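Asker: When you get a sec, could you give me coordinates for this:
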Amino acid sequence: MLTKILPAVRGLMAHNQDLPRLARVDPDGTEPVIAIPPGCGDVLAVLRDRLPAGARRVTVEAFGTYAAEFSGRAGRAAGKIAVVTGAAQGFGLEIATDLAAQGAWVALADINVEGVNAAAATINAACGRDAAIGVAVNVADPDSLAAAMARVVASFGGIDLFVANAGVLRAGSVKDLSVKDLDFVTSVNYKGYFLSVQSVAPIMALQHSAAPQVWFDIIQINSKSGLTGSNKNGAYAGSKFGGIGLTQSFALELVEDGVKVNAICPGNFYDGPLWSDPEKGLFKQYLDSGKVPGAKTFADVKRFYEAKVPMRRGCTTPDVMKALYYLMEQAYETGQAMPVTGGQVMLA
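Answerer: Sure, this is the predicted structure:
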């Protein structure tokens with residue numbers, strides 16, 4: 001029920017384009033007390049009728065007292081509540097870190113619970129505030145996603161930005177890739193993205209109903225492999241092509257709920273574990289699979305791929321963040337798949 005109550009309260013407490021974070025507090029006797037009738041089918045209507053205009057605190061019977069906290073900080077994500085999946089390492093961790101540095105409250109969500117809890121603690125120490133929390137999630141499991149979104153809403157009050165970054169890769173030829181590996185890639189990259197949006201979209205829609213002047217963002221971290229085929233990597237490329245189909249479809253549907261849906265398609269991020277992990281990374285997978293003719297070392301594989309990029313380097317997190325902030329700030333853009341590839345993929 002909190003996933004319906006708090007986003008509605010947040011929207012009703014909006015100040016112009018800004019929604020507050022809602023923090024659980026002790027009652028002080030000054031706040032209105034509202035009871036939500038059992039089995040209520042329209043929580044927003046009840047709250048709209050009973051929450052006084054300008055209220056900044058409220059007690060909801062059986063659920064506690066919450067106070068609005070407006071950010072007051074500078075930054076391109078100031079005051080936003082963000083969720084980043086796959087945030088224990090790599091792009092996800094660096095995206096979450098940058099969002100917090102730019103003033104957001106951030107939930108780092110990952111199946112690696114110890115990793116995101118440690119990362120959140122590091123972010124909080126760097127920011128000097130309680131900017132981040134770690135949240136356990138398996139994006140391929142709808143129950144896990146529901147529990148994760150409930151945790152985020154209970155901690156912050158709602159969600160403004162959802163970054164669907166969780167992704168996996170198993171390289172291999174169509175001639176011999178196992179069904180197990182195909183299912184693994186598809187389950188996380190395609191099904192996981194679908195289920196993630198299914199879990200967060202109602203929260204954003206409720207906030208928009210309460211504050212129609214405010215819009216929200218879902219951004220998938222896709223891949224250049226979602227824009228052009230990838231030799232001996234069809235399972236991954238297919239899942240990413242499918243992700244762009246979902247992005248466009250979600251954009252058409254969710255625009256009526258005040259939600260923009262876009263994708264970022266980065267080039268190769270060589271410094272992250274997806275590539276550099278010595279046992280499971282792509283340097284090893286591509287070397288072992290013979291994807292790079294004549295390659296004998298990881299360095300050979302890296303040089304082969306860098307040579308494909310007009311700018312002769314891999315993609316970095318600052319490159320991705322420039323695209324992410326653009327998509328957040330651009331009010332007139334949805335359903336797009338934005339390449340960040342150094343010219344390796346050029347759209348017609």
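Asker: Isn't residue 21 up against residue 68?
Answerer: Yes. With contact defined as CB atoms under 8 Å, residue 21 counts as touching residue 68 (7.5 Å). All C-beta spots, glycine's among them, are computed from the backbone N, C-alpha and C.
Asker: So what does residue 229 look like in phi/psi?
Answerer: phi -60, psi 160 (degrees, to the nearest 10).
Asker: Quick check: closest non-adjacent residue to it.
Answerer: Nearest residue to residue 229, sequence neighbours excluded (CB to CB, 6 or more residues apart in numbering): residue 237, at 5.5 Å.
Asker: what's the burial count for residue 6?
Answerer: Neighbourhood size, residue 6 [other CB atoms under 10 Å]: 28.
Asker: For the one helix or strand in the chain whose mean pLDDT sits lowest, output the C-alpha coordinates as CSV.
Answerer: Ranked by mean pLDDT, DSSP states H and E, the helix or strand of the chain with the weakest confidence is helix 273-276, at a mean of 81. This file holds the C-alpha atoms of helix 273-276, laid out as CSV (Å, rounded to 0.1, in the frame of the first residue of the first chain):
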residue,chain,number,x,y,z
PRO,A,273,34.2,-5.7,-15.6
LEU,A,274,32.0,-6.6,-18.6
TRP,A,275,35.2,-6.4,-20.7
SER,A,276,38.1,-6.5,-18.2
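Asker: Give the other helices and strands that that helix contacts.
Answerer: helix 282-289 (3 or more CB pairs under 8 Å, 6 or more residues apart in numbering; DSSP states H and E).
Asker: can we see that at 10 Å?
Answerer: helix 90-101, helix 282-289, helix 298-306 (3 or more CB pairs under 10 Å, 6 or more residues apart in numbering; DSSP states H and E).
Asker: rank those helices by pLDDT, which is bottom?
Answerer: Lowest mean pLDDT within those: helix 282-289, at a mean of 85.
Asker: Next, the buried residues of that one.
Answerer: 282-287, 289 (16 or more other CB atoms under 10 Å).
Asker: quick revisit: how far out from the middle of the chain is the least confident helix or strand of the chain?
Answerer: Centroid displacement of helix 273-276 relative to its chain, using CA atoms, centre = their mean, to the nearest Å, is 20 Å.
Asker: Show the end-to-end separation of stretch 37-52, please.
Answerer: Using CA to CA, to the nearest Å, the end-to-end distance of stretch 37-52 comes out at 18 Å.
Asker: and it, how far out from the chain's middle?
Answerer: Once both centres are worked out by CA atoms, centre = their mean, stretch 37-52 turns out to sit 29 Å from its chain's centre.
Asker: before we move on, what about stretch 26-38?
Answerer: The chain centroid and the centroid of stretch 26-38 are separated by 32 Å under CA atoms, centre = their mean.
Asker: So for it, mean pLDDT?
Answerer: Rounded mean pLDDT across stretch 26-38 is 93.
Asker: Show me the shaky parts of the stretch 101-250 of the chain.
Answerer: Judged against pLDDT under 70, the stretch 101-250 of the chain has no low-scoring part.
Asker: cutoff 90 now
Answerer: Residues of the stretch 101-250 of the chain meeting the criterion pLDDT under 90: 169, 171-172, 231-232.
Asker: Please, where are all the strands along it?
Answerer: Taking DSSP state E, counting those that start in this stretch, the strands of the stretch 101-250 of the chain run over residues 105-110, 132-136, 161-164, 216-221.
Asker: could you dump these to CSV with mean neighbour count?
Answerer: What follows is the strands of the stretch 101-250 of the chain, written out as CSV (neighbours: other CB atoms under 10 Å):
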stretch, mean neighbour count
strand 105-110, 30
strand 132-136, 23
strand 161-164, 27
strand 216-221, 26
